[in-house]
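Colleague: got a predicted model here, sequence first, then my questions.
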Amino acid sequence: MPFVDGLELSRHIYENYPDTRVIILSGYNEFEYAKMAVKYQVMEYVLKPVTVAELSEILLRVKETLSREKSKKESLKKLTGAYNKNLPIIRTRYLNQIIEGLNKERSEEEIRDKLRELGINVRGSCFKTAIVIVENAEEFLKMSPEAKKDLPAFILFNILEEMTEKEENIIVFQDINNDTVILSGDDTEDGQITRLTAIYEECKKILDLHFGLEITFGIGNKVTSLSRINKSYESALSALEYRFLYGDSRILDIRDFGRMDMVKNLDISEDIKKLALAVKINSERDITRVLNGIMMQLRKFNISTARIYIYVQNIIVAISNLLESADLTEESFSEKQSDLLQLLYSRKTLYEVEKNVLNYCLHISTILQEQRDSFGKKQAILAREYIEENYSNPELSLQSICSELSISMSYFSIIFKRYTGETFIEALTKKRMNKSMELLTNTTMKVYEIAERVGFTDPHYFAVTFKKYTGMTPREYAKGVRQV
(Lines give C-alpha, C1' and ligand atoms only; values in the text may rest on other atoms or scores of the structure.)
Protein backbone atom coordinates (compact mmCIF):
# COMPACT_ATOMS: atom_id res chain seq x y z
CA MET A 1 0.00 0.00 0.00
CA PRO A 2 1.25 3.52 -0.69
CA PHE A 3 2.50 5.58 2.27
CA VAL A 4 1.53 3.02 4.99
CA ASP A 5 0.98 -0.72 5.07
CA GLY A 6 -2.15 -2.51 6.34
CA LEU A 7 -0.87 -2.94 9.91
CA GLU A 8 0.09 0.72 10.22
CA LEU A 9 -3.38 1.70 9.05
CA SER A 10 -4.94 -0.80 11.52
CA ARG A 11 -2.93 0.71 14.36
CA HIS A 12 -4.02 4.23 13.39
CA ILE A 13 -7.68 3.20 13.25
CA TYR A 14 -7.38 1.31 16.57
CA GLU A 15 -5.93 4.35 18.32
CA ASN A 16 -8.10 7.06 16.78
CA TYR A 17 -11.33 5.41 15.65
CA PRO A 18 -12.09 2.64 18.15
CA ASP A 19 -15.61 2.10 16.81
CA THR A 20 -14.29 1.24 13.30
CA ARG A 21 -13.73 -2.41 12.51
CA VAL A 22 -10.91 -3.72 10.21
CA ILE A 23 -10.67 -6.79 7.93
CA ILE A 24 -7.25 -7.59 6.45
CA LEU A 25 -6.88 -9.43 3.18
CA SER A 26 -3.20 -10.45 2.99
CA GLY A 27 -0.86 -12.63 1.06
CA TYR A 28 1.54 -12.86 4.01
CA ASN A 29 1.18 -15.98 6.07
CA GLU A 30 3.50 -14.90 8.83
CA PHE A 31 2.78 -15.39 12.54
CA GLU A 32 4.25 -12.04 13.64
CA TYR A 33 2.11 -10.20 11.12
CA ALA A 34 -1.02 -12.00 12.31
CA LYS A 35 0.00 -11.39 15.95
CA MET A 36 0.20 -7.62 15.34
CA ALA A 37 -3.23 -7.73 13.68
CA VAL A 38 -4.71 -9.29 16.84
CA LYS A 39 -3.06 -6.56 18.93
CA TYR A 40 -4.86 -3.89 16.91
CA GLN A 41 -8.17 -5.79 17.23
CA VAL A 42 -8.47 -6.66 13.55
CA MET A 43 -11.73 -8.58 13.22
CA GLU A 44 -10.70 -10.90 10.40
CA TYR A 45 -7.28 -11.80 8.98
CA VAL A 46 -7.93 -13.46 5.59
CA LEU A 47 -5.25 -14.99 3.42
CA LYS A 48 -5.46 -14.63 -0.31
CA PRO A 49 -6.76 -16.02 -2.48
CA VAL A 50 -10.34 -15.72 -1.17
CA THR A 51 -13.55 -16.63 -2.95
CA VAL A 52 -16.66 -14.50 -3.16
CA ALA A 53 -18.53 -16.99 -1.02
CA GLU A 54 -15.87 -16.91 1.67
CA LEU A 55 -15.75 -13.12 1.62
CA SER A 56 -19.55 -12.93 1.81
CA GLU A 57 -19.53 -15.25 4.82
CA ILE A 58 -16.88 -13.14 6.52
CA LEU A 59 -18.79 -9.93 5.86
CA LEU A 60 -22.01 -11.42 7.22
CA ARG A 61 -20.19 -12.55 10.35
CA VAL A 62 -18.73 -9.09 10.83
CA LYS A 63 -22.15 -7.57 10.26
CA GLU A 64 -23.64 -9.72 12.99
CA THR A 65 -20.84 -8.77 15.34
CA LEU A 66 -21.32 -5.09 14.58
CA SER A 67 -25.08 -5.41 15.10
CA ARG A 68 -24.56 -7.01 18.49
CA GLU A 69 -22.12 -4.30 19.51
CA LYS A 70 -24.51 -1.63 18.34
CA SER A 71 -27.33 -3.23 20.30
CA LYS A 72 -25.13 -3.37 23.41
CA LYS A 73 -24.19 0.27 23.02
CA GLU A 74 -27.81 1.32 22.63
CA SER A 75 -28.79 -0.69 25.68
CA LEU A 76 -25.91 0.79 27.62
CA LYS A 77 -26.91 4.25 26.48
CA LYS A 78 -30.48 3.66 27.67
CA LEU A 79 -29.28 2.28 30.99
CA THR A 80 -26.91 5.20 31.41
CA GLY A 81 -29.74 7.61 30.66
CA ALA A 82 -32.00 5.85 33.13
CA TYR A 83 -29.23 5.85 35.71
CA ASN A 84 -28.63 9.58 35.28
CA LYS A 85 -32.35 10.21 35.37
CA ASN A 86 -32.68 8.28 38.62
CA LEU A 87 -29.42 9.54 40.10
CA PRO A 88 -31.19 11.82 42.62
CA ILE A 89 -33.20 8.81 43.86
CA ILE A 90 -30.07 6.64 44.00
CA ARG A 91 -28.23 9.38 45.91
CA THR A 92 -31.09 9.75 48.37
CA ARG A 93 -31.28 6.01 48.89
CA TYR A 94 -27.56 5.73 49.63
CA LEU A 95 -27.55 8.79 51.88
CA ASN A 96 -30.45 7.27 53.84
CA GLN A 97 -28.47 4.08 54.19
CA ILE A 98 -25.52 5.85 55.79
CA ILE A 99 -27.64 7.99 58.16
CA GLU A 100 -29.52 4.85 59.21
CA GLY A 101 -26.18 3.14 59.91
CA LEU A 102 -26.69 0.42 57.29
CA ASN A 103 -23.16 0.95 55.90
CA LYS A 104 -21.29 1.24 59.19
CA GLU A 105 -19.29 -1.90 58.42
CA ARG A 106 -17.85 -0.30 55.29
CA SER A 107 -14.61 1.61 55.56
CA GLU A 108 -14.45 5.39 55.46
CA GLU A 109 -12.69 5.24 52.09
CA GLU A 110 -15.38 2.98 50.59
CA ILE A 111 -18.11 5.38 51.69
CA ARG A 112 -16.25 8.41 50.32
CA ASP A 113 -15.63 6.62 47.00
CA LYS A 114 -19.30 5.74 46.68
CA LEU A 115 -20.31 9.32 47.44
CA ARG A 116 -17.89 10.63 44.82
CA GLU A 117 -19.33 8.13 42.35
CA LEU A 118 -22.75 9.65 43.06
CA GLY A 119 -21.39 13.16 42.56
CA ILE A 120 -21.32 13.98 46.27
CA ASN A 121 -18.18 15.47 47.73
CA VAL A 122 -18.40 16.30 51.43
CA ARG A 123 -15.01 16.98 52.98
CA GLY A 124 -13.80 18.09 56.38
CA SER A 125 -12.51 16.84 59.70
CA CYS A 126 -15.96 16.88 61.33
CA PHE A 127 -19.44 16.20 60.03
CA LYS A 128 -22.94 17.09 61.22
CA THR A 129 -26.54 16.47 60.25
CA ALA A 130 -29.48 18.79 60.75
CA ILE A 131 -33.07 17.59 60.36
CA VAL A 132 -35.48 20.26 59.16
CA ILE A 133 -39.23 19.87 59.66
CA VAL A 134 -42.11 22.03 58.48
CA GLU A 135 -44.41 23.72 60.98
CA ASN A 136 -47.95 25.09 60.36
CA ALA A 137 -48.40 22.62 57.50
CA GLU A 138 -52.03 22.03 58.55
CA GLU A 139 -52.88 25.73 58.17
CA PHE A 140 -51.15 25.84 54.80
CA LEU A 141 -53.12 22.83 53.54
CA LYS A 142 -56.39 24.35 54.75
CA MET A 143 -55.69 27.40 52.62
CA SER A 144 -54.87 25.14 49.64
CA PRO A 145 -57.35 22.22 49.81
CA GLU A 146 -56.25 20.93 46.40
CA ALA A 147 -52.63 20.56 47.55
CA LYS A 148 -51.15 17.16 48.36
CA LYS A 149 -50.28 16.35 51.97
CA ASP A 150 -46.54 16.14 51.21
CA LEU A 151 -46.40 19.50 49.41
CA PRO A 152 -45.13 21.55 52.39
CA ALA A 153 -42.25 19.09 52.95
CA PHE A 154 -41.40 19.19 49.23
CA ILE A 155 -41.44 23.01 49.22
CA LEU A 156 -38.98 23.03 52.12
CA PHE A 157 -36.69 20.49 50.47
CA ASN A 158 -36.75 22.34 47.13
CA ILE A 159 -35.89 25.69 48.73
CA LEU A 160 -33.03 24.26 50.80
CA GLU A 161 -31.69 22.35 47.79
CA GLU A 162 -31.62 25.52 45.68
CA MET A 163 -30.06 27.52 48.53
CA THR A 164 -27.19 25.06 48.99
CA GLU A 165 -26.78 23.93 45.38
CA LYS A 166 -23.58 25.91 44.80
CA GLU A 167 -22.15 25.49 48.29
CA GLU A 168 -19.31 23.10 48.96
CA ASN A 169 -19.25 20.35 51.58
CA ILE A 170 -23.00 20.30 52.02
CA ILE A 171 -25.72 18.05 50.66
CA VAL A 172 -29.51 18.25 51.12
CA PHE A 173 -31.83 15.25 50.83
CA GLN A 174 -35.02 13.78 52.31
CA ASP A 175 -35.09 10.95 54.80
CA ILE A 176 -37.64 8.12 54.90
CA ASN A 177 -40.05 10.40 56.83
CA ASN A 178 -39.94 13.05 54.08
CA ASP A 179 -38.11 15.41 56.44
CA THR A 180 -35.25 17.34 54.92
CA VAL A 181 -31.74 16.41 56.10
CA ILE A 182 -28.67 18.61 55.74
CA LEU A 183 -25.33 16.81 55.84
CA SER A 184 -22.36 19.14 56.13
CA GLY A 185 -18.60 18.84 56.48
CA ASP A 186 -16.18 21.40 57.88
CA ASP A 187 -12.87 21.72 59.67
CA THR A 188 -14.50 23.19 62.81
CA GLU A 189 -17.77 22.63 64.61
CA ASP A 190 -18.27 26.38 65.12
CA GLY A 191 -18.00 26.86 61.38
CA GLN A 192 -20.76 24.32 60.82
CA ILE A 193 -23.08 25.92 63.39
CA THR A 194 -22.55 29.37 61.85
CA ARG A 195 -23.33 27.98 58.44
CA LEU A 196 -26.44 26.08 59.54
CA THR A 197 -27.74 29.10 61.46
CA ALA A 198 -27.41 31.28 58.36
CA ILE A 199 -29.27 28.67 56.28
CA TYR A 200 -32.03 28.50 58.92
CA GLU A 201 -32.52 32.27 58.98
CA GLU A 202 -32.64 32.62 55.19
CA CYS A 203 -34.94 29.65 54.69
CA LYS A 204 -37.22 30.85 57.49
CA LYS A 205 -37.69 34.23 55.80
CA ILE A 206 -38.46 32.69 52.40
CA LEU A 207 -41.02 30.21 53.76
CA ASP A 208 -42.75 32.80 55.94
CA LEU A 209 -42.90 35.41 53.18
CA HIS A 210 -44.15 33.21 50.36
CA PHE A 211 -45.97 30.31 52.01
CA GLY A 212 -46.73 31.23 55.63
CA LEU A 213 -44.79 28.17 56.78
CA GLU A 214 -42.31 27.89 59.65
CA ILE A 215 -39.45 25.48 60.28
CA THR A 216 -37.61 23.80 63.13
CA PHE A 217 -33.96 22.73 62.90
CA GLY A 218 -32.78 19.77 64.95
CA ILE A 219 -28.97 19.81 64.94
CA GLY A 220 -27.07 16.65 65.92
CA ASN A 221 -23.66 16.07 67.45
CA LYS A 222 -20.51 16.24 65.35
CA VAL A 223 -18.74 13.07 64.23
CA THR A 224 -15.25 12.76 62.80
CA SER A 225 -16.04 10.28 60.02
CA LEU A 226 -18.82 9.69 57.53
CA SER A 227 -18.99 6.07 58.66
CA ARG A 228 -20.40 7.38 61.97
CA ILE A 229 -22.76 9.98 60.50
CA ASN A 230 -25.70 7.86 61.72
CA LYS A 231 -24.77 8.93 65.27
CA SER A 232 -25.16 12.58 64.30
CA TYR A 233 -28.51 11.81 62.67
CA GLU A 234 -29.74 9.97 65.77
CA SER A 235 -28.79 12.90 68.01
CA ALA A 236 -30.53 15.31 65.60
CA LEU A 237 -33.71 13.27 66.05
CA SER A 238 -33.20 13.49 69.82
CA ALA A 239 -32.84 17.28 69.53
CA LEU A 240 -36.22 17.48 67.81
CA GLU A 241 -37.84 15.68 70.74
CA TYR A 242 -37.18 18.81 72.80
CA ARG A 243 -39.60 20.62 70.50
CA PHE A 244 -42.35 19.33 72.80
CA LEU A 245 -40.76 20.99 75.83
CA TYR A 246 -39.49 24.22 74.29
CA GLY A 247 -41.75 24.82 71.31
CA ASP A 248 -41.24 24.76 67.57
CA SER A 249 -40.05 27.24 64.91
CA ARG A 250 -36.53 27.46 66.32
CA ILE A 251 -33.08 25.86 66.24
CA LEU A 252 -32.77 22.94 68.65
CA ASP A 253 -29.09 22.07 69.07
CA ILE A 254 -28.53 18.80 70.92
CA ARG A 255 -25.49 20.33 72.63
CA ASP A 256 -27.77 22.74 74.51
CA PHE A 257 -29.66 19.88 76.15
CA GLY A 258 -26.82 17.55 77.02
CA ARG A 259 -25.77 19.88 79.84
CA MET A 260 -29.24 20.16 81.38
CA ASP A 261 -30.34 18.65 84.67
CA MET A 262 -32.33 15.44 84.34
CA VAL A 263 -34.84 14.34 86.97
CA LYS A 264 -36.74 11.09 86.56
CA ASN A 265 -39.30 11.61 89.35
CA LEU A 266 -40.36 15.19 89.98
CA ASP A 267 -42.81 15.68 92.87
CA ILE A 268 -45.43 18.28 91.93
CA SER A 269 -48.15 17.07 94.31
CA GLU A 270 -48.07 20.27 96.38
CA ASP A 271 -48.25 22.38 93.24
CA ILE A 272 -51.29 20.40 92.08
CA LYS A 273 -52.96 21.09 95.44
CA LYS A 274 -52.26 24.81 95.01
CA LEU A 275 -53.70 24.68 91.50
CA ALA A 276 -56.82 22.91 92.72
CA LEU A 277 -57.29 25.54 95.41
CA ALA A 278 -56.92 28.34 92.86
CA VAL A 279 -59.56 26.65 90.68
CA LYS A 280 -61.82 26.20 93.67
CA ILE A 281 -61.72 29.87 94.67
CA ASN A 282 -62.00 30.99 91.03
CA SER A 283 -58.73 32.96 90.94
CA GLU A 284 -57.72 33.19 87.28
CA ARG A 285 -54.48 34.93 88.22
CA ASP A 286 -53.43 32.15 90.62
CA ILE A 287 -54.52 29.40 88.22
CA THR A 288 -52.33 30.86 85.47
CA ARG A 289 -49.39 31.46 87.81
CA VAL A 290 -49.37 28.02 89.46
CA LEU A 291 -49.88 26.11 86.21
CA ASN A 292 -47.12 28.07 84.50
CA GLY A 293 -44.84 27.27 87.44
CA ILE A 294 -45.52 23.55 87.03
CA MET A 295 -44.74 23.68 83.32
CA MET A 296 -41.53 25.60 83.96
CA GLN A 297 -40.39 22.83 86.32
CA LEU A 298 -41.09 20.19 83.66
CA ARG A 299 -38.90 22.12 81.21
CA LYS A 300 -36.17 22.90 83.71
CA PHE A 301 -35.65 19.30 84.74
CA ASN A 302 -35.86 17.92 81.21
CA ILE A 303 -38.79 15.61 81.92
CA SER A 304 -39.52 13.09 79.19
CA THR A 305 -42.67 13.48 77.09
CA ALA A 306 -44.12 10.23 78.43
CA ARG A 307 -43.76 11.35 82.06
CA ILE A 308 -45.09 14.81 81.24
CA TYR A 309 -48.35 13.24 80.12
CA ILE A 310 -48.52 11.32 83.40
CA TYR A 311 -48.17 14.60 85.32
CA VAL A 312 -50.80 16.24 83.10
CA GLN A 313 -53.20 13.36 83.74
CA ASN A 314 -52.70 13.84 87.49
CA ILE A 315 -53.55 17.52 87.08
CA ILE A 316 -56.71 16.75 85.09
CA VAL A 317 -57.83 14.14 87.64
CA ALA A 318 -57.26 16.53 90.56
CA ILE A 319 -59.24 19.32 88.90
CA SER A 320 -62.01 16.95 87.83
CA ASN A 321 -62.28 15.68 91.42
CA LEU A 322 -63.41 19.18 92.39
CA LEU A 323 -66.55 18.57 90.36
CA GLU A 324 -67.20 15.34 92.20
CA SER A 325 -66.72 17.08 95.53
CA ALA A 326 -69.33 19.62 94.44
CA ASP A 327 -71.72 16.81 93.32
CA LEU A 328 -71.27 17.79 89.67
CA THR A 329 -70.64 14.38 88.17
CA GLU A 330 -72.77 14.47 85.06
CA GLU A 331 -71.85 12.16 82.17
CA SER A 332 -71.09 15.17 79.97
CA PHE A 333 -68.23 16.17 82.27
CA SER A 334 -66.65 12.71 81.96
CA GLU A 335 -66.93 12.93 78.18
CA LYS A 336 -65.27 16.35 78.18
CA GLN A 337 -62.43 15.01 80.32
CA SER A 338 -61.91 12.10 77.92
CA ASP A 339 -62.01 14.44 74.91
CA LEU A 340 -59.48 16.71 76.60
CA LEU A 341 -57.01 13.88 77.19
CA GLN A 342 -57.28 12.82 73.54
CA LEU A 343 -56.71 16.41 72.47
CA LEU A 344 -53.66 16.75 74.72
CA TYR A 345 -52.05 13.62 73.27
CA SER A 346 -52.31 15.18 69.80
CA ARG A 347 -50.47 18.35 70.80
CA LYS A 348 -46.96 18.88 69.44
CA THR A 349 -45.57 21.16 72.15
CA LEU A 350 -45.86 21.63 75.90
CA TYR A 351 -47.00 25.22 75.27
CA GLU A 352 -50.06 23.88 73.45
CA VAL A 353 -50.70 21.39 76.26
CA GLU A 354 -50.39 24.15 78.86
CA LYS A 355 -52.89 26.29 76.96
CA ASN A 356 -55.44 23.48 76.82
CA VAL A 357 -54.99 22.57 80.50
CA LEU A 358 -55.33 26.25 81.48
CA ASN A 359 -58.59 26.53 79.53
CA TYR A 360 -59.87 23.39 81.25
CA CYS A 361 -58.97 24.72 84.71
CA LEU A 362 -60.69 28.04 83.97
CA HIS A 363 -63.73 26.19 82.63
CA ILE A 364 -64.04 24.05 85.78
CA SER A 365 -63.46 27.11 87.95
CA THR A 366 -66.33 28.89 86.20
CA ILE A 367 -68.63 25.89 86.65
CA LEU A 368 -67.85 25.75 90.36
CA GLN A 369 -68.40 29.49 90.73
CA GLU A 370 -71.72 29.28 88.89
CA GLN A 371 -72.74 26.43 91.14
CA ARG A 372 -71.82 28.49 94.20
CA ASP A 373 -73.67 31.47 92.76
CA SER A 374 -76.72 29.34 92.10
CA PHE A 375 -76.58 27.80 95.56
CA GLY A 376 -76.03 31.18 97.21
CA LYS A 377 -78.88 32.77 95.32
CA LYS A 378 -81.16 29.92 96.28
CA GLN A 379 -80.19 30.19 99.94
CA ALA A 380 -80.76 33.95 99.90
CA ILE A 381 -84.26 33.46 98.43
CA LEU A 382 -85.07 30.83 101.04
CA ALA A 383 -83.83 33.16 103.78
CA ARG A 384 -86.05 35.99 102.53
CA GLU A 385 -89.04 33.66 102.46
CA TYR A 386 -88.21 32.46 105.95
CA ILE A 387 -88.04 36.06 107.20
CA GLU A 388 -91.36 36.80 105.49
CA GLU A 389 -93.01 33.90 107.25
CA ASN A 390 -91.30 34.14 110.66
CA TYR A 391 -90.55 37.83 111.27
CA SER A 392 -93.08 37.88 114.12
CA ASN A 393 -91.15 35.19 116.00
CA PRO A 394 -88.96 36.90 118.59
CA GLU A 395 -86.64 33.88 118.53
CA LEU A 396 -85.77 34.47 114.87
CA SER A 397 -82.00 35.08 114.64
CA LEU A 398 -79.01 34.53 112.36
CA GLN A 399 -78.22 31.34 114.22
CA SER A 400 -81.76 29.95 113.94
CA ILE A 401 -82.12 30.64 110.22
CA CYS A 402 -78.68 29.10 109.49
CA SER A 403 -79.73 26.05 111.46
CA GLU A 404 -82.92 25.88 109.41
CA LEU A 405 -80.96 26.13 106.13
CA SER A 406 -78.10 23.86 107.30
CA ILE A 407 -75.43 26.39 106.46
CA SER A 408 -72.66 28.08 108.44
CA MET A 409 -73.33 31.59 109.74
CA SER A 410 -70.17 33.03 108.15
CA TYR A 411 -70.91 31.61 104.69
CA PHE A 412 -74.60 32.54 104.95
CA SER A 413 -73.69 36.12 105.90
CA ILE A 414 -71.44 36.39 102.81
CA ILE A 415 -73.90 35.00 100.27
CA PHE A 416 -76.93 36.82 101.76
CA LYS A 417 -75.11 40.15 101.56
CA ARG A 418 -73.90 39.35 98.02
CA TYR A 419 -77.37 38.59 96.63
CA THR A 420 -79.54 41.00 98.62
CA GLY A 421 -77.20 43.90 99.22
CA GLU A 422 -77.96 43.92 102.95
CA THR A 423 -77.20 41.92 106.05
CA PHE A 424 -79.63 39.48 107.62
CA ILE A 425 -80.29 41.85 110.56
CA GLU A 426 -80.91 44.74 108.15
CA ALA A 427 -83.37 42.63 106.13
CA LEU A 428 -85.19 41.41 109.26
CA THR A 429 -85.37 44.90 110.75
CA LYS A 430 -86.63 46.31 107.45
CA LYS A 431 -89.41 43.73 107.30
CA ARG A 432 -90.45 44.33 110.91
CA MET A 433 -90.41 48.10 110.52
CA ASN A 434 -92.42 48.05 107.27
CA LYS A 435 -95.01 45.80 108.91
CA SER A 436 -95.08 48.07 111.97
CA MET A 437 -95.76 51.12 109.79
CA GLU A 438 -98.53 49.22 108.03
CA LEU A 439 -100.16 48.33 111.36
CA LEU A 440 -99.77 51.86 112.73
CA THR A 441 -101.44 53.19 109.57
CA ASN A 442 -104.29 50.75 109.18
CA THR A 443 -105.17 49.71 112.74
CA THR A 444 -105.80 51.19 116.17
CA MET A 445 -103.49 48.74 117.86
CA LYS A 446 -101.36 49.92 120.78
CA VAL A 447 -97.62 50.33 120.34
CA TYR A 448 -96.79 47.46 122.66
CA GLU A 449 -99.25 45.24 120.73
CA ILE A 450 -97.60 46.09 117.42
CA ALA A 451 -94.16 45.49 118.94
CA GLU A 452 -95.23 42.05 120.02
CA ARG A 453 -96.90 41.38 116.63
CA VAL A 454 -93.65 42.08 114.70
CA GLY A 455 -91.36 40.06 116.96
CA PHE A 456 -90.19 42.46 119.71
CA THR A 457 -90.50 41.35 123.33
CA ASP A 458 -89.40 44.77 124.65
CA PRO A 459 -91.66 47.70 123.58
CA HIS A 460 -88.98 50.20 124.52
CA TYR A 461 -86.40 48.54 122.27
CA PHE A 462 -89.04 48.46 119.52
CA ALA A 463 -89.60 52.21 119.92
CA VAL A 464 -85.88 52.94 119.76
CA THR A 465 -85.45 50.78 116.66
CA PHE A 466 -88.54 52.35 115.01
CA LYS A 467 -87.28 55.90 115.57
CA LYS A 468 -83.85 55.00 114.26
CA TYR A 469 -85.43 53.53 111.13
CA THR A 470 -88.08 56.24 110.42
CA GLY A 471 -86.84 59.28 112.34
CA MET A 472 -90.02 59.30 114.46
CA THR A 473 -91.35 57.45 117.48
CA PRO A 474 -94.20 55.01 116.88
CA ARG A 475 -96.68 57.43 118.49
CA GLU A 476 -95.49 60.36 116.35
CA TYR A 477 -95.77 58.23 113.24
CA ALA A 478 -99.25 56.95 114.20
CA LYS A 479 -100.45 60.45 115.00
CA GLY A 480 -99.30 61.71 111.63
CA VAL A 481 -100.76 58.94 109.48
CA ARG A 482 -104.03 58.46 111.48
CA GLN A 483 -104.87 62.19 111.23
CA VAL A 484 -104.61 61.88 107.46
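Modeller: Cool, the structure landed.
Colleague: tally of neighbours for residue 283?
Modeller: Applying other Cβ atoms under 10 Å, we find 14 other residues in the vicinity of residue 283. Quick note: C-beta positions are derived from backbone N, CA and C, even for glycine.
Colleague: what sits closest to it if chain neighbours are left out?
Modeller: Nearest-residue entry for residue 283: residue 365, 7.9 Å, with adjacent residues in sequence omitted and distances by Cβ to Cβ, 6 or more residues apart in numbering.
Colleague: where do the strands of the stretch 101-250 of the chain begin and end?
Modeller: Read by DSSP state E, counting those that start in this stretch, the stretch 101-250 of the chain holds these strands, from start to end of the chain: 126-135, 170-174, 180-186, 214-219.
Colleague: quick one: strands adjacent to the third one?
Modeller: Within its sheet, and counting by DSSP bridges, strand 180-186 is paired with strand 126-135 (antiparallel), strand 170-174 (antiparallel).
Colleague: where in the stretch 51-200 of the chain is pLDDT low?
Modeller: 80, 83 (pLDDT under 70).
Colleague: follow-up on the earlier one: tell me which of the strands paired with strand 180-186 lies nearest to residue 467.
Modeller: When the strands paired with strand 180-186 are compared for distance to residue 467 using Cβ to Cβ, the nearest one is strand 126-135, at 76.8 Å.
Colleague: am I right that the residue nearest to residue 283 is in a helix?
Modeller: Yes - according to DSSP: H, G, I helix; E, B strand; the rest coil, the state of residue 365 is that of a helix.
Colleague: now do the same contact list for it.
Modeller: By Cβ atoms under 8 Å, 6 or more residues apart in numbering, residue 365 lies in contact with 278, 279, 280, 282, 283, 284, 287.
Colleague: and these, which two are furthest apart?
Modeller: 280 and 284 (12.6 Å).
Colleague: between the two, which one's more packed in?
Modeller: residue 280 (17 against 14).
Colleague: distance check, that one against residue 374.
Modeller: Residue 280 sits 16 Å away from residue 374, going by Cβ to Cβ, to the nearest Å.
Colleague: what's around residue 252, how many residues?
Modeller: A count of nearby residues for residue 252, using other Cβ under 10 Å, gives 23.
Colleague: where does it land in three-state SS?
Modeller: strand.
Colleague: can you start the count at 16 instead of 1 from here on
Modeller: Sounds good: first residue 16 from here, last item residue 267.
Colleague: find the nearest non-adjacent residue to it, please.
Modeller: Per Cβ to Cβ, 6+ apart, closest to residue 267 is residue 254, 4.4 Å.
Colleague: quick one: the helices in the stretch 216-365 of the chain?
Modeller: Under the criterion DSSP state H, counting those that start in this stretch, the stretch 216-365 of the chain carries helices at the ranges 244-256, 258-261, 269-273, 284-295, 299-315, 320-340, 346-360, 365-405.
Colleague: closest one to residue 485 among these?
Modeller: Among the helices of the stretch 216-365 of the chain, the nearest to residue 485 by Cβ to Cβ is helix 365-405 (19.3 Å).
Colleague: list the buried ones in the helix or strand following that closest one?
Modeller: In the C-terminal direction, the helix or strand that comes right after helix 365-405 (DSSP states H and E) is helix 413-420. Along helix 413-420, these residues count as buried under the neighbour rule (16 or more other Cβ atoms under 10 Å): 413, 416, 417.
Colleague: same deal with stretch 453-460?
Modeller: 454, 455.
Colleague: quick one: average pLDDT of it?
Modeller: Stretch 453-460 shows a mean pLDDT of 90 in the predicted model.
Colleague: kindly report the same for stretch 358-375.
Modeller: Taken as a whole, stretch 358-375 has a mean pLDDT of 89.
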